[in-house]
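Undergrad: How does the following fold in three dimensions:
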Amino acid sequence: MAMLWLIYEGILQHEVYDKLVLVRKEIELVDRLMKQTSFSNNLYQPYLERVKSTISLTNVSASWSNFKKNLSTDTILALRYCSEILEDEDAVDKKELEAILNSIQTLRQDIANSSISSGMHDFLMSQLDIIESAIQSYPIVGGAALKKAFSEGFTDLASRVDDISQGAENGHKEASKVAKVWGNLKTASKGIVEADKMANALLGLYEKGQNAAEPLLNLLSNS
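TA: Okay, here's the model as predicted:
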């Protein structure tokens, strides 16, 4: 947790809150999953409670020294045991995610300097925001953050069919670049989203290019 305070030093407070909420949810998930094992609650639950009390949103502005004692060696050890006991997932290469984040920054600038319609501009920027948020949440949430990104990306696309259809003619180049970022995210995610229906549907719609609106409407009407 000392790292959390250091990582978030100097960034916007609401961003700190968002990340702490994710950490708290993960601790609660660990608690639920451990209860499904044969291990006694008293071997892990008191330590999880210590962590939850430490990462309360009301503690953000307080001194770290007030909470450091809650995360003593025995608490960290208990968390490590939980990590070893619970089923793990394939790790995503950190360098691949960093490369995607770097490409997003470059692409944002390209979109901002382009002559695409305002609707297409907002849509593509929104798609990049979804990807960026997922990657930033991955160290906390894991693969679930990446799967959620594809679902949110699909929903975002579905809600902007008119904007996409109207701006497709002069926004094809920029949309293709965003599609490539989604493709890179899927590749980096390896088996996490390989068979995910939302991921495949979203990438499939991007591949339709200028005719994205029609297959999207057909897909939604048949779902």
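
Undergrad: Just the element for the one residue sitting closest to the centre of the chain, please.
TA: The centre of the chain sits closest to A134, judged by C-alpha atoms, centre = their mean, with a distance of 1.8 Å. If you go by DSSP states H and E, A134 is part of helix 118-141.

Undergrad: coming back round to it: can you name the residues that contact the closest residue to the residue nearest to the centre of the chain other than its chain neighbours?
TA: Of all residues not flanking A134 in the chain, A149 sits nearest, at 3.4 Å (C-beta to C-beta, 6 or more residues apart in numbering). To be clear about C-beta, it is placed using only N, CA and C from the backbone, and glycine gets the same treatment. When contacts are counted by C-beta atoms under 8 Å, 6 or more residues apart in numbering, A149 is found next to I130, I131, S133, A134, L185.

Undergrad: Hmm, V23 and S137 touching each other?
TA: No: using C-beta atoms under 8 Å as the test, S137 is too far from V23 to be in contact (10.1 Å).

Undergrad: And the residue nearest to the centre of the chain, how far from V51?
TA: Distance of A134 to V51, given as C-beta to C-beta, to the nearest Å: 24 Å.

Undergrad: burial of S137, as a residue count?
TA: Residues lying near S137 (other C-beta atoms under 10 Å) number 18.

Undergrad: how close does it get to R80?
TA: Distance of S137 to R80, computed by C-beta to C-beta: 22 Å.

Undergrad: For S114, which three-state class applies?
TA: Per DSSP: H, G, I helix; E, B strand; the rest coil, the secondary structure class of S114 is coil.

Undergrad: Which residue, other than its chain neighbours, is closest to it?
TA: Closest to S114 by C-beta to C-beta, 6+ apart is E174, at 5.7 Å.

Undergrad: The host helix or strand of that neighbour relative to helix 118-141, how many degrees between them?
TA: Element membership for E174, per DSSP H and E: helix 161-189. On the basis of axes from the mean of the first three to the mean of the last three C-alpha atoms, to 10 degrees, helix 161-189 is oriented at 30 degrees to helix 118-141.

Undergrad: and helix 161-189, how far out from the chain's middle?
TA: Here helix 161-189 is found 18 Å from its chain centre; the criterion is C-alpha atoms, centre = their mean, to the nearest Å.

Undergrad: list the helices and strands it packs on?
TA: Judged by 3 or more C-beta pairs under 8 Å, 6 or more residues apart in numbering; DSSP states H and E, the packing partners of helix 161-189 are helix 94-112, helix 118-141, helix 143-158, helix 197-207, helix 213-221.

Undergrad: Now do it against helix 143-158, angle only.
TA: Interaxial angle, helix 161-189 versus helix 143-158 (the same axes, to 10 degrees): 160 degrees.

Undergrad: for helix 161-189, what is the average pLDDT?
TA: The average pLDDT within helix 161-189 is 80.

Undergrad: and the closest residue in space to S115 that isn't next to it in sequence, how many neighbours does it have?
TA: Leaving aside its chain neighbours, S115 sits nearest to N170 (6.6 Å; criterion: C-beta to C-beta, 6+ apart). Applying other C-beta under 10 Å, we find 12 other residues in the vicinity of N170.

Undergrad: Is it possible to get JSON lines of the contacts of A149 that adds distance to W64?
TA: Listed next are the contacts of A149 as JSON lines, based on distance: C-beta to C-beta, whole Å:
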{"residue": "I130", "distance to W64": "32"}
{"residue": "I131", "distance to W64": "32"}
{"residue": "S133", "distance to W64": "26"}
{"residue": "A134", "distance to W64": "28"}
{"residue": "L185", "distance to W64": "34"}
